[in-house]
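In: All I have is the shape, not the residue letters:
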Ligand SMILES: Cc1[nH+]cc(COP(=O)(O)O)c(CN[C@@H](CCC(=O)O)C(=O)O)c1O
């Protein structure tokens, strides 16, 4: 069957894509008061399966906490809706975007009586940073914009409003001819990408900024740490990485649900390691894709079969 991406689940109903609309005075549009997820469903050898769906659901509900937002549906209801959404559209590998946001009632920063609206969409989404990026790596620049500190806005809550910071950094990079940005935190140490976590390899050891570095607690970050440790690597996942360490890295790579595992080959035109995908990056990238495409039966509990 050919895929027909024509349906969106909204507040308990499946609606036609073109009818999936909200009021222009919805609170979330004006004040960035939404929380969302990005998960991938992979067309595995045993059929389509969502990768680490339970962890994505955990984070979606956790992200509502700082805003006293109440999602008026249970995990089970959201899961059933998501699986049905994939089946109805005959999707196999696809990207899933759940969002919950303060809807329409009255404006003003306080959400007051605004309802919490919920929607789930799914669509095919290829490689996030470009077809050849996975193999050849990408060029990045260190953005002049810093990541907001987690003491200013909770960076461990995937909040829609945060992504203006990501847009400022990422678009600055692309305006300057780079594919993506690396964002430093207000201390000037490495935080992450606009939509990715970042890893550094040096002398065979693996480093990634700790959760106190104003980053999102990435699910792919957690996956890659697990895969690396299973392969005997020493992973330092609670460190500060200085800007200077980017230049002396043997390898750098991004991780994310959309980005998957994307090598970084140059930072501000300084070549990293061999100037292409490094050997540790390749090994972990291969392990990641073997896992998500189920060429291994490891971590079967990480898969929700459609
Ligand atoms: C700021 C940020 N940091 C790290 C990550 C990686 O987290 P995880 O997906 O749990 O491994 C993401 C995901 N970015 C999502 C949104 C991308 C978008 O352009 O929108 C994604 O990868 O789905 C971020 O947005």
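Out: Looks like it came in fine. Owing to the predicted nature of the structure, the values given are computational and were not obtained by experimental measurement. Numbering: from 1, shown residues only.
In: Run through the residues of the stretch 1-150 of the chain sitting next to the ligand.
Out: Within the stretch 1-150 of the chain, the positions near the ligand by C-beta under 6 Å from any ligand atom are residue 38. For every residue, glycine as well, the C-beta is placed using N, CA and C.
In: Do I have it right that residue 276 meets residue 265?
Out: Yes: with contacts counted by C-beta atoms under 8 Å, residue 276 reaches residue 265, the gap being 5.4 Å.
In: Identify the residues contacting residue 282.
Out: Neighbouring residues of residue 282 by C-beta atoms under 8 Å, 6 or more residues apart in numbering: residue 263.
In: gap between it and the ligand?
Out: Shown here: residue 282 relative to the ligand, a distance of 19 Å by C-beta to the nearest ligand atom, to the nearest Å.
In: just residue 29 next, same as before
Out: Distance from residue 29 to the ligand, by C-beta to the nearest ligand atom: 17 Å.
In: just residue 246 next, same as before
Out: In terms of C-beta to the nearest ligand atom, residue 246 sits 17 Å off from the ligand.
In: And for residue 76?
Out: The value you get for residue 76 to the ligand, if C-beta to the nearest ligand atom is used, is 22 Å.
In: And the pLDDT at that residue?
Out: On the pLDDT scale, residue 76 is placed at 98.
In: for residue 126, same thing?
Out: Reported pLDDT for residue 126: 87.
In: I'd guess it is in a helix, am I close?
Out: No: counting by DSSP: H, G, I helix; E, B strand; the rest coil, residue 126 falls outside a helix, being coil.
In: Next up, the contacts around residue 158.
Out: Residue 158 makes contacts with 35, 36, 37, 59, 60, 63, 216, as judged by C-beta under 8 Å, 6+ apart.
In: These, buried ones only, as a PyMOL selection?
Out: To isolate the buried subset of these in PyMOL, counting by 16 or more other C-beta atoms under 10 Å, use the following:
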select buried, resi 35+36+37+59+60+63+216
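In: Need the contacts of residue 158 in TSV (columns: distance to residue 257).
Out: Below are the contacts of residue 158 laid out as TSV (distance: C-beta to C-beta, whole Å):
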residue	distance to residue 257
35	15
36	11
37	8
59	11
60	13
63	14
216	11
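In: Now, the contacts of residue 158 that are in strands?
Out: 35, 36 (DSSP state E).
In: just curious, which of the contacts of residue 158 is nearest to the ligand?
Out: Taking C-beta to the nearest ligand atom as the measure, residue 216 is the one of those closest to the ligand, at 3.6 Å.
In: Pull up the gap between residue 66 and residue 208, please.
Out: When distance is defined by C-beta to C-beta, to the nearest Å, residue 66 is 24 Å away from residue 208.
In: Show me which of the two is the more surrounded one.
Out: Counted by other C-beta atoms under 10 Å, residue 66 and residue 208 do not tie: residue 208 has more neighbours, with 27 against 13.
In: Before I go, just wanted to say thanks for your time.
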